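S.K.: 3D model of this:
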Amino acid sequence: MAKPPRMVICREQQCRRAGIFAVMAMQPEHENTAMWDMKTSEANTGTKIPDGNLGTNKTQPSCTNRRSKTMATTAEGDFLWGATMQARARKLLLEYQERYVAANPKSADSFGRASVSLAGGNTRSVLHYDPFPMVLVSGRDCFVSSEDGREYVDFVSEYSACMLGHSHPAVAEAVQAVMSRGINLGGASKEEQVLAALLTERIPSMARVRFCNSGTEANTMALTLARHHTGRRKILAFENGYHGGFIGFDSGVLPTTVPFEFVLARYDDATHVRELVDDSFAAIIVEPMQGVAMDPPALGGSTSSAQQQRLSHSGTFNNNAFSMTAGAVACRLITREAIARANALGDRLREGITAAGRNAEASPWMWASGFGSMLNVHFGGFAAAELRDLFFFFMLDRGFYVSRRGLIALNLMHTDHHNSRSSSRHSSLVYKIEVLYLMQFFAITMFRNQKLILVSYS
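M.R.: Predicted coordinates:
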């Protein structure tokens with residue numbers, strides 16, 4: 001495996017060492033608009049740069065000539081570096097997208113056929129991505145398998161809803177027993193009583209519960225109840241929050257959002273929230289970790305007048321025995337100790353990803369946020385969007401299923417072995433694109449200080 005690049009800063013003298021080349025020499029497609037006029041520099045210095053894996057036999061400008069009139073201004077340099085980094089990131093992204101297409105012909109065919117009868121090719125927008133989504137056909141423990149026969153370590157875990165992993169034998173046995181006697185009989189069920197008791201015992205803030213079929217339904221019903229109970233209309237939500245298919249604020253109040261009177265606050269800005277909140281609000285809804293669909297544990301407030309202000313709540317499958325039984329088994333399996341172990345794994349993985357984005361004591365260009373078993377990978381700088389997409393296709397190519405937006409959710413089936421395997425893949429990603437990002441970061445910073453950065457693969 002090739003060594004990762006290391007940064008070399010030349011202050012006053014030309015660097016003639018073999019294997020080292022000027023940053024702009026890596027970008028022949030931009031040589032006419034680079035920070036140096038290559039031809040002028042060659043005439044002034046006559047210094048040649050040897051051929052290498054990434055370089056071309058271009059002329060290296062003299063460090064002593066760095067204040068020449070041919071050097072662009074800082075603003076122009078920022079623009080040029082941004083354009084260059086984006087171009088190189090897009091080229092690498094295209095390479096991995098082509099590999100994805102070549103590796104998944106059956107998924108491509110399935111998507112084409114699905115698009116004939118399904119609007120958009122599927123019924124869950126978060127699962128769609130270009131050029132086509134990968135079709136999954138089975139899951140076991142912390143692995144999923146695609147229609148094209150490839151197995152992946154599942155770092156999506158159904159966006160955190162699949163905490164037990166896939167096809168857990170205890171859950172499978174319980175629901176198979178339920179199926180033999182009927183999963184939805186049209187009456188009150190023992191299974192909903194059992195699950196409700198387990199939840200209220202487990203979570204003290206839940207005095208009583210009602211069941212819904214999805215987080216979207218639960219949040220919509222909770223907000224409706226708050227408005228009905230308080231007699232107030234306003235709901236305080238947060239920018240970029242997600243609370244289900246019909247309550248989202250990715251770019252303001254979305255057209256598909258239920259028509260409540262929402263007021264948006266800035267996330268993680270307590271002062272701004274205090275300025276907005278008054279006694280005209282019925283409820284505040286917040287996503288504890290933005291980017292992950294998590295429902296609030298309970299609706300706060302008084303229950304003293306609950307009997308006088310009852311609100312009807314129905315749903316054909318709200319108490320289906322299949323879901324109630326699986327939920328009860330999950331409550332017994334997801335213990336405090338199991339959660340602690342999964343959280344510790346998540347902490348170690350988050351630290352490893354952030355460490356992989358550091359080099360030469362620079363600020364990280366790739367890092368992970370979150371807490372416990374849930375994290376989100378982020379990128380910064382000029383090519384952040386391209387690198388986020390590159391990260392997704394790169395990880396698929398290496399056998400890891402992550403979400404397109406960078407979400408990683410561990411489940412109880414993951415082990416340190418899977419984390420170690422993932423960390424090595426992240427390191428490999430760094431080898432691939434570190435030149436892109438570290439060159440960009442250091443070049444802008446160093447040029448402002450009138451220094452020249454060179455990169456070496458030796």
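
S.K.: Find the residue ranges of the chain scoring beneath the pLDDT cut-off.
M.R.: Low-confidence segments of the chain, defined by pLDDT under 70, are located at 1-85, 251-252, 290-312, 356-365, 417-458.

S.K.: now do 50
M.R.: Counting by pLDDT under 50, the chain shows low-confidence ranges at 1-75, 292-308, 360-363, 429-458.

S.K.: tell me the domain boundaries of it?
M.R.: Following automatic domain parsing, one gets these domains for the chain: 6-93+447-456, 169-203+316-332, 214-314.

S.K.: Check the secondary structure at the nearest residue to residue 100 once chain neighbours are set aside for me.
M.R.: If you skip the residues right next to it in sequence, residue 100 has residue 393 as its closest partner in space, 5.3 Å away by Cβ to Cβ, 6 or more residues apart in numbering. Backbone N, C-alpha and C define where each C-beta goes, glycine included. In terms of secondary structure, residue 393 is helix; the call rests on DSSP: H, G, I helix; E, B strand; the rest coil.

S.K.: And the helices in the stretch 351-458 of the chain, which stretches?
M.R.: Counting by DSSP state H, counting those that start in this stretch, residue ranges of the helices within the stretch 351-458 of the chain are 384-397, 416-448.

S.K.: for residue 86, what are its contacts?
M.R.: Contact partners of residue 86, counting by Cβ atoms under 8 Å, 6 or more residues apart in numbering, are 382-383, 386.

S.K.: how about the nearest residue to it, chain neighbours excluded?
M.R.: residue 383 (4.8 Å).

S.K.: In terms of helices and strands, where is the closest residue to residue 253 other than its chain neighbours?
M.R.: Residue nearest to residue 253 in three dimensions, not counting chain neighbours: residue 262, with 5.5 Å by Cβ to Cβ, 6+ apart. Secondary-structure assignment from DSSP states H and E places residue 262 in strand 261-265.

S.K.: helix or strand right after that strand?
M.R.: Scanning the chain past strand 261-265 towards its C-terminal end, the next helix or strand to appear is helix 270-276 (assignment: DSSP H and E).

S.K.: Packing partners of that following helix?
M.R.: Other elements packing on helix 270-276 under the criterion 3 or more Cβ pairs under 8 Å, 6 or more residues apart in numbering; DSSP states H and E are strand 261-265.

S.K.: what residues does the strand it packs on touch?
M.R.: Among residues not part of strand 261-265, those counted as contacts by Cβ under 8 Å, 6+ apart are 233-239, 249, 252-253, 272-273, 276, 281.

S.K.: Narrow the residues you listed to those that are buried.
M.R.: Using 16 or more other Cβ atoms under 10 Å as the burial test, these include 234-238, 249, 253, 273, 281 as buried.

S.K.: Tabulate these (a markdown table), appending distance to residue 94 and secondary structure.
M.R.: Supplementary listing: those in a markdown table, determined by distance: Cβ to Cβ, whole Å; DSSP: H, G, I helix; E, B strand; the rest coil:
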| residue | distance to residue 94 | secondary structure |
| --- | --- | --- |
| 234 | 47 | strand |
| 235 | 43 | strand |
| 236 | 43 | strand |
| 237 | 38 | strand |
| 238 | 36 | strand |
| 249 | 32 | coil |
| 253 | 35 | coil |
| 273 | 43 | helix |
| 281 | 48 | strand |
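
S.K.: Show me what counts as buried in stretch 375-393.
M.R.: Buried residues in stretch 375-393, defined by neighbour count with 16+ other Cβ under 10 Å: 375-379, 381-384, 386-393.

S.K.: out of the contacts of residue 86, who's nearest residue 334?
M.R.: Of all the contacts of residue 86, the one with the least separation from residue 334 (Cβ to Cβ) is residue 386, at 37.7 Å.
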